[in-house]
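Q: only geometry, no sequence info:
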């Protein structure tokens, strides 16, 4: 028993530091965490290790070394139980880039857009879900279209800077209601050569449906102007709305349909599939499913894929009806 190796604490850096030979991939890990702001081991594994390792163990070993040497910090959220069931809180840590890690990357001139601040407790779950979508769709695109496929991601921070720059350069935009701030902007090129642009909205059920409809109207106003090009550099776009439940999805879909234009622009999905298999929810936001026909539209009752194609059901009455602006959005987005 005396020779048994003492297990290190996962909360406090204790004991003698193990040796660390900083590798190029370690710097990529630091940069990945800084770009995501706060990341799980699974998200880092998915981004950098999945091509060479079937499990997260190699990734977790490097994360532990980088944490022990203070290049990364660990953040745990409080665990909350209701009626004996855990309703929130992570048993696994979130990783955050430290100032020491940022300084190391500054030496390699690779620190643009990296963050070392920790989101507030109320925003951590939202940030995690954004990063889940971001890392999952990148992994799915690489798997489906090949390692040479390029996916571009613009973060909420960069989108906010674009809006601020637009307001500064054009005083008439200072109070413009169509400068909506999405959770991210993702784009990739289809095998046909067409580039697709998607604004992301993560809905955790904390906002009223009225407020979400106002955001949808802001997207419609943005689409009707040339500001989508001058501010964001996109000729057209769709809005992907990922919400927590099928009932909320259908309520949101019905309320946004009341806008009456650009209806084909809004696509909806839930985090988990409505039906459960073996008492476990099937995640729609996974590399295996995110590019499958899981996306609902307002203009028909089928399920659609981000790569094109659908499992088409019977269209509801007047599904194709829209204003002239809506027709333009349809032609631009398909």
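A: Right, received. Where do you want to start? This one's a predicted model, so the numbers in the text were calculated from it and none came from an experiment. Numbers count the residues shown, from 1 in each chain.

Q: flag the shaky bits of the protein, pLDDT-wise.
A: Within the chain, the stretches with pLDDT under 70 are 1-6, 80-91, 108-112, 275-279, 309-334.

Q: hmm, residue 131 is touching residue 38, no?
A: Yes: taking C-beta atoms under 8 Å as the definition, residue 131 is a contact partner of residue 38 at 7.3 Å. (Glycine included, C-beta is placed from N, CA and C.)

Q: what ranges do the strands span in this structure?
A: Ranges of strands within the chain are 72-75, 80-82, 85-88, 94-97, 151-155, 184-189, 195-202, 238-243, 266-270, 272-277, 280-283, 295-297, 303-304, 310-311, based on DSSP state E.

Q: what packs against the fifth one?
A: Here strand 151-155 is seen to pack against helix 121-145, strand 184-189 when contacts are counted using 3 or more C-beta pairs under 8 Å, 6 or more residues apart in numbering; DSSP states H and E.

Q: show me which residues of the longest one are buried.
A: I take that to be helix 121-145. The neighbour-count criterion (16 or more other C-beta atoms under 10 Å) identifies 124-142, 145 as the buried residues of helix 121-145.

Q: for stretch 296-313, same thing?
A: Taking 16+ other C-beta under 10 Å as the neighbour-count basis, stretch 296-313 is seen to contain the buried residues 296, 297, 298, 299, 300, 302, 303, 304, 306, 307.

Q: out of those, who's nearest residue 32?
A: The closest of those to residue 32 turns out to be residue 306 (C-beta to C-beta; 23.0 Å).

Q: just give the nearest non-adjacent residue to the closest one, would you?
A: Closest residue to residue 306 in three dimensions, ignoring its sequence neighbours and counting by C-beta to C-beta, 6 or more residues apart in numbering: residue 291, at 5.6 Å.

Q: does that neighbour really touch residue 307, like I thought?
A: Yes: A contact is recorded between residue 291 and residue 307 when judged using C-beta under 8 Å, the distance being 5.5 Å.

Q: common neighbours of those two, please.
A: Counting by C-beta atoms under 8 Å, 6 or more residues apart in numbering, the common neighbours of residue 291 and residue 307 are residue 144.

Q: hang on, the earlier thing: right, so of the helices and strands packed on strand 151-155, which gets closest to residue 207?
A: Distances from residue 207 to each of those were compared using C-beta to C-beta; the minimum, 10.8 Å, belongs to helix 121-145.

Q: by contact count, what packs against the closest one?
A: Helix 121-145 sits against helix 24-36, helix 41-44, strand 151-155, strand 184-189, strand 195-202, with contacts defined as 3+ C-beta pairs under 8 Å, 6+ apart.

Q: how far off centre is that helix?
A: In terms of C-alpha atoms, centre = their mean, to the nearest Å, the gap separating the centre of helix 121-145 from the centre of its chain is 4 Å.
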